[in-house]
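Q: Would you be able to build a 3D model of this:
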Amino acid sequence: MGLGKFWHRSIVIIVSIILLWQFAKTWNFFYTDVANEPQLQVNQNDNGSLDTRKDHMVQIVVVIVYYEALCPDSRNFIIKQLVPTYQKLLDNVAIELIPYGKATTTDLPNGYKFTCQHGPRECEANMIHACAIDIIKNPTVQVNFIACMIEHNLWPINITRNCAEKMHLDADSILNCTKSSRGPELLAKYGRMTQSLNPPVSFIPTVTLNGNSYDQAAILANLLKEVCKHFKILPAGCL
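A: From the prediction side, this is the model:
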């Protein structure tokens, strides 16, 4: 082999090695970049609300409403505050409804006896609400059904059927729940939840935001404003 051919082959080998090294560096950078790309996560804020986010894309505030089915203040809050807030922050709030209020529960050998602030009809309505909340799994349908009922809740069975027909729901499954042991068990459970609040309930409705019941007057007067205070980055419904 001549000296010229030897140098020519040597140069080709060296250039090939350099190209392979550059390719390996580029591929490693690309793989590392993809692996480190931010992922969609669910984290918890300092204030307790949940963040489903790629840099805080979605934050959730948990709103729990302790109410009574025949209470005028509960009716006004659900219709004028809760529903409009939910409609504006559909993806940013989780609603939990607790129909019991200032009722009392007496344990009996074969079940429970309930005494309600607005009389026996309210106990009947509270139990229908409890069964509806248990049976209706879709959160939006659940809130809208309870709002429909509480607007005209003086005749609980009739309004259950009217609202169910309007919303294409099965009224019988809800009413049958109230006649079984399931209805009283649900209402008794809501009673325990209401009575475990700290500080104790002094006004109905009582509303907690992420487990906190501070500043009830402000929450009852402007739920949207108070919920929006919990977001680190304001969602569109707060703007």
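Q: Tell me how far Cys148 lies from Glu185.
A: Going from Cys148 to Glu185 by C-beta to C-beta, to the nearest Å gives 25 Å. C-betas here are computed from N, CA, C, even on glycine.
Q: actually Asn212, not the one I typed
A: Distance, Asn212 to Glu185, using C-beta to C-beta: 28 Å.
Q: Which one's more surrounded, the two?
A: Neighbour tally, Asn212 and Glu185, criterion other C-beta atoms under 10 Å: the higher count belongs to Glu185, 15 against 12.
Q: Helix or strand: which one has that one?
A: Assessed by DSSP states H and E, Glu185 sits inside helix 182-195.
Q: Does the residue positioned nearest the centre of the chain belong to a helix, a strand or coil?
A: With distances taken as C-alpha atoms, centre = their mean, the residue of the chain nearest its centroid is Ala94 (1.5 Å). Judged by DSSP: H, G, I helix; E, B strand; the rest coil, the three-state class of Ala94 is strand.
Q: burial of the residue nearest to it when sequence neighbours are not counted, as a residue count?
A: Counting by C-beta to C-beta, 6 or more residues apart in numbering, Ala94 lies nearest to Val62, which is 4.9 Å off, once chain neighbours are set aside. Other residues lying near Val62 total 17 when counted by other C-beta under 10 Å.
Q: wouldn't Val62 be in contact with Asn210 here?
A: Yes: at 5.4 Å, Val62 and Asn210 qualify as touching, with contact defined as C-beta atoms under 8 Å.
Q: what's the closest non-adjacent residue to Gly101?
A: Glu68 (3.3 Å).
Q: In terms of pLDDT, where does the one you found sit?
A: On pLDDT, Glu68 comes in at 98.
Q: That one and Asn158: what is the separation?
A: Relative to Asn158, and taking C-beta to C-beta, Glu68 is found at 19 Å.
Q: who's more crowded, those two?
A: Using other C-beta under 10 Å as the criterion, Glu68 and Asn158 rank with Glu68 on top: 28 against 11.
Q: In contact with the more buried one, which residues are there?
A: Applying C-beta atoms under 8 Å, 6 or more residues apart in numbering to Glu68 gives the contacts 74, 99-103, 116-118, 122, 126, 204-205.
Q: Report the buried members of those residues.
A: The neighbour-count test (16 or more other C-beta atoms under 10 Å) marks 74, 99-103, 116, 118, 122, 126, 204-205 as buried among these.
Q: want to try a markdown table for the residues you listed, with secondary structure, distance to Thr85 and pLDDT as columns?
A: Below are the buried ones among the contacts of Glu68 laid out as a markdown table (DSSP: H, G, I helix; E, B strand; the rest coil; distance: C-beta to C-beta, whole Å; pLDDT from 0 to 100):
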| residue | secondary structure | distance to Thr85 | pLDDT |
| --- | --- | --- | --- |
| Ser74 | helix | 15 | 98 |
| Pro99 | strand | 19 | 98 |
| Tyr100 | coil | 22 | 98 |
| Gly101 | coil | 21 | 97 |
| Lys102 | coil | 24 | 97 |
| Ala103 | coil | 26 | 98 |
| Cys116 | coil | 27 | 97 |
| His118 | coil | 25 | 95 |
| Glu122 | helix | 25 | 97 |
| Asn126 | helix | 23 | 98 |
| Ile204 | coil | 19 | 98 |
| Pro205 | coil | 13 | 98 |
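Q: Please consider this matter closed, and thank you.
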